[in-house]
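Chemist: whatever this is, show me its structure:
(chains A, B, C and D)
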Number of protein chains: 2
Amino acid sequence: MPPTVRRIPRPTAQRLSLYLREIQPLIAQGQPTLSSRELGEKLGLSSAQVRKDLAWVVQSRQASEAGRAGVGYNCVKMNESIRRVIGANRRWSTVLVGVGNIGRALLAYGGFAQDGFLISAIFDANPRMEGKRIGTLKVQPTSALRKAIRTHRVAIGILAVPRSAAQSVATQLCDAGIRGILNFAPMRISVTEGVSVTNIDVSVALEQLSMDVSIRDQMRLISEGAA
Amino acid sequence: MPPTVRRIPRPTAQRLSLYLREIQPLIAQGQPTLSSRELGEKLGLSSAQVRKDLAWVVQSRQASEAGRAGVGYNCVKMNESIRRVIGANRRWSTVLVGVGNIGRALLAYGGFAQDGFLISAIFDANPRMEGKRIGTLKVQPTSALRKAIRTHRVAIGILAVPRSAAQSVATQLCDAGIRGILNFAPMRISVTEGVSVTNIDVSVALEQLSMDVSIRDQMRLISEGAA
DNA sequence: GAATGTGAAAATATTCACAGCG
DNA sequence: CGCTGTGAATATTTTCACATTC
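Modeler: Down below sits the predicted model:
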């Protein structure tokens, strides 16, 4: 047995998604290859970093589709390899719970299909929404979650309900056998062991941003003081 | 001069926002103190990690408001100290560009005010929206950005326009003197040197989540195979 | 006893730098 | 030459473990 196959590092995994975002438009406009330096420049990363990351893609599968010295990486092949490694090559069936503004924004944005994510059914905890049609889908009560998740083999639930309903719906999703939850509610949710959660919290993002701005301000003051 | 004051580490900064989210409800329900172990358990972190992070808060300001051995950290004071360190103690004036579904969701969510973020003015690139009132604010054309940013001393722009308009609006924000942009458009935007950007990209989040789910699946298969 | 604060050790992640290919 | 792939060197982050305080 080889010296224990290490798992793909978190930071690498995160960057791979970003690489996909950069590569895809290039493919669309027909660019055949891309060097680690070019890709790195677009994202503010060193070329060595990019090469190390892409080396993971090649190694983690036994695939041999590597870059070519003197040329760079084949865009199409690299796109496909990355998608396989991060599990974005298959289609993911999802359910959306909550058809308020966020939910409707997600439904209106057609871009997920291209990334392999399909919203199979939509739900709302509010009975007044029941039966309403949005696009091609009819809003169902959350009591129908279990059945929908089983029949569509849904792995991912998108939680776009108000904070007050979030934990209750999260529990229903877990009970119905969901495997991962994308949580838009501005709170941490508790889930069954084995269920993955990714949070999108605007306040956290704003705080991160304001901190960056603060730090830049301080540095500016210092350098101006020194000048 | 002390041996060069190191800047607060990125991962620490990110976790500090999460600590705030946990501490605030505890304050509301009157809990006086919190131990590093308790806080860590809520977030799946080691107590040592929490203590190291909080040590930064105490050190990075010369403040002496530390935890107390045998007791834990004073919730109220820790909340305030963290907010000061990450720049969330002051009020941030923001502008929102794009009053589609995402923009309206942000306006409808009242929780930012509590975190010190105020949406001072709203804009839309679509002239048909001009003059429309949403809540207490009137939609302005993006040509009015510069003036609004100057008069309200706005540091942060929230970019919630469709992909096709994102770069153009980002450029307008930069020209108008914005300091940071929270970008909801599913693309990387180019900005003037010195402007910070934080992206909220649902596809990236979904990919991250699906990758976690995939990895769990693989581990499950392996352990079942071994059993 | 229960907890903090913190050096020292371990683990991770990034950058360097260069051999070798196209 | 330009660029990949990768060990070795750094740098950063996390964990350990324990003296110290309440």
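Chemist: spit out the contact partners of the nearest residue to A:His152 once chain neighbours are set aside.
Modeler: Nearest in space to A:His152, with sequence neighbours left out and distances taken as C-beta to C-beta, 6 or more residues apart in numbering or on different chains, is A:Ser120 at 4.3 Å. Glycine gets a C-beta too; all of them are placed from N, C-alpha and C. Applying C-beta atoms under 8 Å, 6 or more residues apart in numbering or on different chains, one finds that A:Ser120 lies in contact with A:Ser93, A:Thr94, A:Val95, A:Ala148, A:His152, A:Val154.
Chemist: likewise A:Gly116?
Modeler: By C-beta under 8 Å, 6+ apart, A:Gly116 lies in contact with A:Arg83, A:Ala88, A:Asn89, A:Arg90, A:Arg91, A:Trp92.
Chemist: and what of A:Leu209?
Modeler: Taking C-beta under 8 Å, 6+ apart, we find A:Leu209 in contact with B:Ile156, B:Gly180, B:Ile181, B:Leu182, B:Ser196, B:Val197, B:Thr198.
Chemist: picking that back up, show me which of the contacts of A:Gly116 are buried.
Modeler: Buried subset of the contacts of A:Gly116 (neighbour count, 16 or more other C-beta atoms under 10 Å in any protein chain shown): A:Arg83, A:Ala88, A:Trp92.
Chemist: and the gap between A:Lys132 and A:Tyr109?
Modeler: Distance from A:Lys132 to A:Tyr109, counting by C-beta to C-beta, to the nearest Å: 19 Å.
Chemist: now do the helices in chain A.
Modeler: According to DSSP state H, chain A carries its helices in the segments A:10-28, A:36-43, A:47-60, A:75-85, A:101-108, A:145-151, A:163-175, A:202-226.
Chemist: roughly how far does the residue nearest to A:Glu80 when sequence neighbours are not counted sit from B:Glu207?
Modeler: Distances taken as C-beta to C-beta, 6+ apart place A:Asn89 nearest to A:Glu80, at 7.2 Å, with adjacent residues excluded. For A:Asn89, the distance to B:Glu207 equals 11 Å [C-beta to C-beta].
Chemist: same check on A:Ile119?
Modeler: Remark: distance between A:Ile119 and B:Glu207 (C-beta to C-beta) = 16 Å.
Chemist: neighbour count: these two, which is higher?
Modeler: Using other C-beta atoms under 10 Å in any protein chain shown as the criterion, A:Ile119 and B:Glu207 rank with B:Glu207 on top: 28 against 20.
Chemist: how about that one, what does it touch?
Modeler: By C-beta under 8 Å, 6+ apart, the neighbours of B:Glu207 are A:Ser17, A:Leu20, A:Ile86, A:Gly87, A:Ala88, A:Asp115.
Chemist: which ones among these also lie next to DNA strand D?
Modeler: Here nothing survives when these are matched to DNA strand D using C-beta under 7 Å from any atom of the strand.
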